[in-house]
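Peer 1: how would this look folded up:
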Amino acid sequence: MRSRIEDVAAAAGVSIKTVSRVLNNEPNVRDATQARVRDAVARLGYRPNPSARSLAGQRSYALALAYNNPSRNYLMEIQSGMLEACHGNHYNLLLGPVGVGRHALPDLSALFENSRPDGVVLIPPLSDDPVVLAYLQDNAVPFASIAPRDPAGAVGVRMDETTAVVELMRHLIALGHRRIGHIKGPRAHGACQWRYAGYRAALREAGIAHDPALVVSGQFSFESGIPAAHRLLDLEQPPTAIFAANDDMAAAVYRVAGGRGLRVPRDLSVCGFDDTPIASHIFPALTTVRQPTAEMGRLATLQLLERIRAPATGRMITLEHAVLVRESTAAPHRRAR
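Peer 2: Numbering: from 1, shown residues only. Coordinates of the predicted model:
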């Protein structure tokens, strides 16, 4: 059975990323660590995937969008921006569903063996997955990341999501809301942590005590927002406003509220994040943070193409956000005590 990069990491007692750094001759790895890794490579007979390495010597004029994200609206927006950049540069776009952690390896292997893309754009949570990153780095595959947790030295696009949520929360607080519920995203996504941090920071700024009962988890999907909204609205003191960490889950709050005879925003204010098309398609139109998702896909693709053409080029771009106040937020009908 062929050895894997995880086997080398375990034998050397280091992380997958460290193995990748040693194999790619990256700086700032201690001599003793390098020696352990190279000894493990020799003992296990580890060899990087040749089909992925061969990409360095030939072009397929195709890029891949690697994804494991339950939000269909988010994915379609990213795809739209990538298609624009690909068409403008005579490239094709491939879609590659990829598992997380160790489940990513067979999907990545199949993607490169069957399609041989010249590079990959990663979206959360894959942009932070150590197995995915190590595979690409180990096989010298150019990639760009959208919203990585650690943007230092990376190529791609990001946004200051924490500041954006602070501004959104200030809007709710200025309307008079004090019991504000929050539906988080999945823990593996950096966006979940950044948006929750903004929620907490805004409460502290306003002198509002954090109530853990007002924070529930979702999966960035409409379906996961349904039980999350029920949990919040079942509280003895339910929130007067709910901030869902993306627009899909905010739309689910509308569904649950309507089923309980609550009207948005008279009885419950609701806001989301992303400004995907659903935000303006539902009624009343959703107050949200505009994350220029399609533009992020387009710019990440352009940065990736720069990196493919000249390996030392490409950078991490930070885009501006905007809080879009629409009809789904208003002063609380009955102020929480």
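
Peer 1: the most far-flung residue of the chain relative to its centre: what's it in contact with?
Peer 2: Distance from the centre of the chain peaks at residue 43, with 37.2 Å (CA atoms, centre = their mean). Neighbouring residues of residue 43 by CB atoms under 8 Å, 6 or more residues apart in numbering: residue 11. In short, each C-beta sits where N, CA and C put it, glycine included.

Peer 1: now do the helix or strand hosting it, average pLDDT.
Peer 2: Using DSSP states H and E, the element containing residue 43 is helix 31-44. When pLDDT is averaged along helix 31-44, the result is 90.

Peer 1: for it, buried residues please.
Peer 2: 33, 34, 36, 37, 40, 41, 44 (16 or more other CB atoms under 10 Å).

Peer 1: going by distance to residue 241, which of the residues you listed wins?
Peer 2: Of all the buried residues of helix 31-44, the one sitting nearest residue 241 is residue 33; the distance, using CB to CB, is 50.1 Å.

Peer 1: what number of residues lie near residue 247?
Peer 2: Other residues lying near residue 247 total 30 when counted by other CB atoms under 10 Å.

Peer 1: need the nearest residue in space to the spatially most central residue of the chain, chain neighbours excluded.
Peer 2: In the chain, the C-alpha nearest the mean C-alpha coordinate belongs to residue 124, at 2.7 Å (CA atoms, centre = their mean). Excluding the flanking residues, the one nearest residue 124 by CB to CB, 6 or more residues apart in numbering is residue 189, at 4.5 Å.

Peer 1: pretty sure that neighbour sits against residue 217.
Peer 2: No. No contact is recorded between residue 189 and residue 217 when judged using CB atoms under 8 Å, the distance being 11.4 Å.

Peer 1: between these two, which one's more packed in?
Peer 2: Set side by side, residue 189 and residue 217 give different neighbour counts by other CB under 10 Å, the larger being at residue 189 (23 against 16).

Peer 1: hmm, back to that, the residue farthest from the centre of the chain and residue 13: what is the separation?
Peer 2: Here the criterion is CB to CB, to the nearest Å. By it, residue 43 lies 13 Å from residue 13.

Peer 1: what of residue 195?
Peer 2: When CB to CB is applied, the distance between residue 195 and residue 13 equals 35 Å.

Peer 1: who has more neighbours out of those two?
Peer 2: Set residue 195 next to residue 13 and count neighbours by other CB under 10 Å: residue 195 wins out with 26 against 11.

Peer 1: am I right that that one is in contact with residue 161?
Peer 2: Yes. At 5.7 Å, residue 195 counts as touching residue 161 under the criterion of CB under 8 Å.

Peer 1: residues shared between the contacts of those two?
Peer 2: residue 273.

Peer 1: number of nearby residues for residue 111?
Peer 2: Per other CB under 10 Å, the neighbour tally for residue 111 reads 21.

Peer 1: could you shift the numbering so residue one becomes 621, and keep it that way?
Peer 2: All right, first residue 621 from here; so that's residue 731.

Peer 1: checking it next. Helix, strand or coil?
Peer 2: What DSSP: H, G, I helix; E, B strand; the rest coil gives for residue 731 is helix.

Peer 1: in the sheet, who's paired with the closest residue to it other than its chain neighbours?
Peer 2: The shortest distance from residue 731 to any non-neighbouring residue, by CB to CB, 6+ apart, is to residue 716 (4.6 Å). Here residue 716 shows beta-bridge partners residue 686, assigned using DSSP bridges.

Peer 1: now residue 716: how far from residue 897?
Peer 2: Going from residue 716 to residue 897 by CB to CB gives 24 Å.

Peer 1: try residue 948
Peer 2: 15 Å.

Peer 1: neighbour-wise, which of these two wins?
Peer 2: Looking at residue 948 and residue 897 with other CB under 10 Å, you find the greater number of neighbours at residue 948, namely 25 against 12.

Peer 1: hang on, the more buried one packs against residue 888?
Peer 2: No. Taking contact to mean CB under 8 Å, the distance of 9.0 Å between residue 948 and residue 888 leaves them out of contact.

Peer 1: what about the helices in the stretch 821-957 of the chain?
Peer 2: Chain-ordered helices for the stretch 821-957 of the chain, with DSSP state H, counting those that start in this stretch as the definition, fall at 842-853, 867-879, 898-901, 913-929.
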